[in-house]
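*Asks:* Turn this into a structure:
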Amino acid sequence: MAWLCVVGSAVVLLTVLVLRLFGVLRHGSEYKPGQKGSVSVLVVAGSGGHTTEIVRLMGSLSRSYNPRHYVIADTDKMSEDKIRTFEAEREKSVLPSQFTIHRIPRSREVRQSWSSSVLSSLSALMSSVPLVFRLQPDMLLCNGPGTCVPLCAAGLLLGILGLKRVLIVYVESICRVETLSLSGKILYYFSDYFFVQWAPLKDKYPIKNQNWFIRLVLMN
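*Replies:* Predicted coordinates for the structure are as follows:
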């Protein structure tokens, strides 16, 4: 009988978590950060082109996005320099920079086998949860690196537990013309705002809540 109680408790807990997740996703479009001040944003930077794209996007955002917390993979050797260069230039033209840079384990290396990536993804998740819970950003912005998936999962967990609603904004990389990246395929169903940059993908994956995000990007 004891095992029945354990199984029953597990089922009840899982059901509650699933219902909470549906509730968080359903009411995501009602959450508008920045209406009463600045927006604390957690930015996921991937290596190479991902970082170049996300830095360019950050340059288009208004001064309302502050502070900015960048997260990069622990094996990424170049992104930190790009971020610091961008923030130094931003400080000259806007306001004193308020940003931090954090490192977590990479979810999946290039050409890493899918079987071994399960363990590395779990390691990334274990690092992402305490980081996101400590920073408690208003918004999480990413453009496709595998590292963004565990970070978004940690952001969703904050909402499921009722601690804070984190808005997830996903902008698919410009190199994805006809198919989404694996991160995009996963986060299309869990993000609040999802954008693609090519017509073939736009036909397959309608843009979610475009107008509001563009309004914030253009805000002075």
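*Asks:* can you give me the helices in this structure?
*Replies:* Assigned by DSSP state H, the helices in the chain fall at 2-26, 49-60, 79-93, 114-135, 148-160, 182-187, 199-204, 210-218.
*Asks:* Now do the same for the last one: mean pLDDT, whole number.
*Replies:* Average pLDDT, helix 210-218: 44.
*Asks:* My guess is Lys202 contacts Val196. True?
*Replies:* Yes - using Cβ atoms under 8 Å, Lys202 is in contact with Val196, at 5.5 Å. For every residue, glycine as well, the C-beta is placed using N, CA and C.
*Asks:* bridging residues for Tyr170?
*Replies:* Counting by DSSP bridges, Tyr170 is bridged to Cys142, Phe194.
*Asks:* shift numbering so it begins at 3
*Replies:* I'll keep to 3 as the first residue from here, and by that count the last item is Tyr172.
*Asks:* what about it, neighbour count?
*Replies:* 27 (other Cβ atoms under 10 Å).
*Asks:* likewise Val73?
*Replies:* A count of neighbours around Val73, defined by other Cβ under 10 Å, yields 26.
*Asks:* Alpha carbons only: can I get the lengthiest strand in the chain in PDB?
*Replies:* Counting by DSSP state E, the longest strand found in the chain is strand 67-75. Extracted in PDB, the C-alpha atoms of strand 67-75 (Å, rounded to 0.1, in the frame of the first residue of the first chain):
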ATOM      1  CA  TYR A  67      16.300  47.400 -20.600                       C
ATOM      2  CA  ASN A  68      18.400  47.700 -17.500                       C
ATOM      3  CA  PRO A  69      20.200  46.000 -15.900                       C
ATOM      4  CA  ARG A  70      21.300  43.400 -18.500                       C
ATOM      5  CA  HIS A  71      22.600  40.000 -17.400                       C
ATOM      6  CA  TYR A  72      24.400  38.100 -20.100                       C
ATOM      7  CA  VAL A  73      24.800  34.300 -19.900                       C
ATOM      8  CA  ILE A  74      27.400  32.400 -21.900                       C
ATOM      9  CA  ALA A  75      28.700  28.900 -22.000                       C
END
